[in-house]
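> Pasting the sequence and the predicted coordinates here, then a few questions.
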There are 2 protein chains.
Amino acid sequence: MTETWVSTLAQGKADLERASTAQKVADMLRERVLDGELAPGLRLSEEAIGGALGVSRNTLREAFRLLTRDRLLVHEHSRGVFVRRPTGDDVRDLYAARRVIECGALRRWNDVTEALREAARAPVRQAVTRAEKNDWTRAGQANIQFHRAIVRLAGSERLNEESDRLFAELMLAFNVAQEINDFYQSYVPWNLRIVELLNNGEVDQAVGQLTEYLDAAEQDLVSRLEAQ
Amino acid sequence: MTETWVSTLAQGKADLERASTAQKVADMLRERVLDGELAPGLRLSEEAIGGALGVSRNTLREAFRLLTRDRLLVHEHSRGVFVRRPTGDDVRDLYAARRVIECGALRRWNDVTEALREAARAPVRQAVTRAEKNDWTRAGQANIQFHRAIVRLAGSERLNEESDRLFAELMLAFNVAQEINDFYQSYVPWNLRIVELLNNGEVDQAVGQLTEYLDAAEQDLVSRLEAQ
DNA sequence: GATCGTGGGATTGTTGAACGATTCTACGAT
DNA sequence: ATCGTAGAATCGTTCAACAATCCCACGATC
């Protein structure tokens, strides 16, 4: 007979599941790439990195495969893997996906639990206080959390994971287009407006604002990327 | 100076890009899995398959990684890889994603090119003629094409690829829940209704019908899966 | 009789070396 | 300045090996 308290143990499952070496290597490299420490366009030598990390080439190649599927690295046959350098087209494609996913998810606002709704409101409040302190780095992080929370309204774990990958790639594009603070200053009130519309039950209006926000962000980012 | 006709050569690029052995092996295994030849739950032995296909274990493991990311295989540490056996929860998650993606994409109906719209109408006509011939297998394929075309309205290559993976996983679930013909008979007129609404410019109504269709399909598939 | 150790056997995880294939680089020929 | 070519560097793939882990069957214990 299955006892109910057994299910509480399932939470610790992830800790038990030892990550494979390739997975750990991939996680380490992902951090470096998102930090910008490994610059876009850089070629990752199998021998150099494998030697530095003390893993064999085969294991390292498995890690490369994982990050390639996350779109953080690009693989060119017989040439090696490179840190992805997002192009304007990449960003346009990325925002086309965001428009569909986030707007589609936001329309479910009235169908989801209050916990999910609150998870979306909280990052906006955080962004406001951080913006007041001119802490734009953390304000930007809160912004990402807001949009992650919007995706989570859809209630699909698969979609959550896919858009986490999407946001990771977006961070890559931000790394290339530096000095984006002046745009950050405009999105904080924009997000605030979206939340207010949602609280008033005006979901369609909120979706409209979200669309405009994404259009503006896309255009801003693309122009910065293509200016270089 | 770049000449314009050079760009036409880019179309043949994919042919030049030799697929790696791992990629070819993954493609072969993907076919077998989607055919149902490799049944859900089956464990894929590295030694047996590697020997049969004449590739080394390392290369085979790369192929496994690719298919694992496609969610067709599941990898369990130190136990091996297995053909995914979709659960009811998997299907519910999958349809939650479909609802957001397809409905979000469909709302762009009036913003896209006529070619994209026609690409959505054509499979429905095909499904009708095939249904008249009681060719439900091909009618089902046309149905998938219809929904793929809906996703393509979003104009995001990334989203296209992700939903191709999604539909592949859906085929896996169909394999488990056999004898689904009686539901197929109801979706053909349903799709037809959606297209008619779109042609009349009633996009919101079409989205509503699409939502209901997805709800019904989900419930039907889940009940078949959990009946076993 | 059911549960609990405890082996051995099979399979996976990872490594290291090896070699052909491909790409890159630099040098020299036209 | 462009082209061709030889050599070096790197990737793609295989193979063999061994440690770590899991599975299974056999008894031991209560």
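The structure has been received and is ready for your questions. Numbering: from 1, shown residues only, chains lettered A, B, ... in the order given.
> Could you list the low-pLDDT ranges of chain A?
Under the criterion pLDDT under 70, the flagged ranges of chain A are A:1-18, A:178-181, A:228.
> Okay, domains of it per the record?
Structural domains annotated on chain A: A:2-83, A:88-226, as defined by automatic domain parsing.
> any residue of the shortest one up close to DNA strand C?
What it means is domain A:2-83. Yes. Domain A:2-83 is in contact with DNA strand C by Cβ under 7 Å from any atom of the strand, via A:20-22, A:54-59, A:62, A:77-79. No exception for glycine: its C-beta is placed from N, CA and C like everyone else's.
> would you turn the residues you listed into JSON lines with neighbour count, distance to chain B and secondary structure?
Output for the residues of domain A:2-83 next to DNA strand C, formatted as JSON lines (neighbours: other Cβ atoms under 10 Å in any protein chain shown; distance: Cβ to the nearest Cβ, whole Å; DSSP: H, G, I helix; E, B strand; the rest coil):
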{"residue": "A:S20", "neighbour count": "16", "distance to chain B": "7", "secondary structure": "coil"}
{"residue": "A:T21", "neighbour count": "16", "distance to chain B": "11", "secondary structure": "helix"}
{"residue": "A:A22", "neighbour count": "20", "distance to chain B": "8", "secondary structure": "helix"}
{"residue": "A:G54", "neighbour count": "9", "distance to chain B": "19", "secondary structure": "coil"}
{"residue": "A:V55", "neighbour count": "18", "distance to chain B": "14", "secondary structure": "coil"}
{"residue": "A:S56", "neighbour count": "13", "distance to chain B": "10", "secondary structure": "coil"}
{"residue": "A:R57", "neighbour count": "14", "distance to chain B": "10", "secondary structure": "helix"}
{"residue": "A:N58", "neighbour count": "16", "distance to chain B": "5", "secondary structure": "helix"}
{"residue": "A:T59", "neighbour count": "18", "distance to chain B": "10", "secondary structure": "helix"}
{"residue": "A:E62", "neighbour count": "22", "distance to chain B": "6", "secondary structure": "helix"}
{"residue": "A:H77", "neighbour count": "11", "distance to chain B": "6", "secondary structure": "coil"}
{"residue": "A:S78", "neighbour count": "6", "distance to chain B": "9", "secondary structure": "coil"}
{"residue": "A:R79", "neighbour count": "9", "distance to chain B": "11", "secondary structure": "coil"}
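> Please identify which two of those residues are farthest apart in space.
Across the residues of domain A:2-83 next to DNA strand C, no pair lies farther apart than A:G54 and A:H77, at 26.9 Å, counting by Cβ to Cβ.
> The closest residue to A:L67 other than its chain neighbours and A:N160, how far apart?
Nearest residue to A:L67, sequence neighbours excluded (Cβ to Cβ, 6 or more residues apart in numbering or on different chains): A:L73, at 4.5 Å. Computed as Cβ to Cβ, to the nearest Å, the A:L73 to A:N160 distance reads 22 Å.
> do the same with A:T137
From A:T137 to A:N160 the distance is 24 Å (Cβ to Cβ).
> what about the two, which has more around it?
Set A:T137 next to A:N160 and count neighbours by other Cβ atoms under 10 Å in any protein chain shown: A:N160 wins out with 16 against 10.
> which one's the longest helix in chain A?
Using DSSP state H to define each element, chain A has its longest helix at helix A:203-226.
> count of residues packed around A:F167?
For A:F167, the count of nearby residues is 16 (other Cβ under 10 Å).
> my bad, should have said A:A177
A:A177 has 19 neighbours, counted by other Cβ under 10 Å.
> Tell me if I'm right that it and A:A217 touch.
No. A:A177 is beyond contact range of A:A217, at 11.3 Å (criterion: Cβ atoms under 8 Å).
> what does chain A put close to chain B?
For chain A, the residues in contact with chain B (Cβ under 8 Å from any Cβ of the partner chain) are A:17-18, A:20, A:58, A:61-62, A:65-66, A:69, A:71, A:77, A:93-94, A:96-97, A:99-101, A:103-105, A:107-108, A:154-159, A:162, A:166.
> quick one: which of the residues you listed sit in helices?
Members of these lying in helices (criterion: DSSP H): A:58, A:61-62, A:65-66, A:69, A:93-94, A:96-97, A:99-101, A:103-105, A:157-159, A:162, A:166.
> Could you turn the buried ones of those residues into a ChimeraX selection?
Applying 16 or more other Cβ atoms under 10 Å in any protein chain shown to these, the buried members can be selected in ChimeraX as follows:
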select /A:58,61,62,65,66,69,93,94,96,97,99,100,101,103,104,105,158,159,162,166
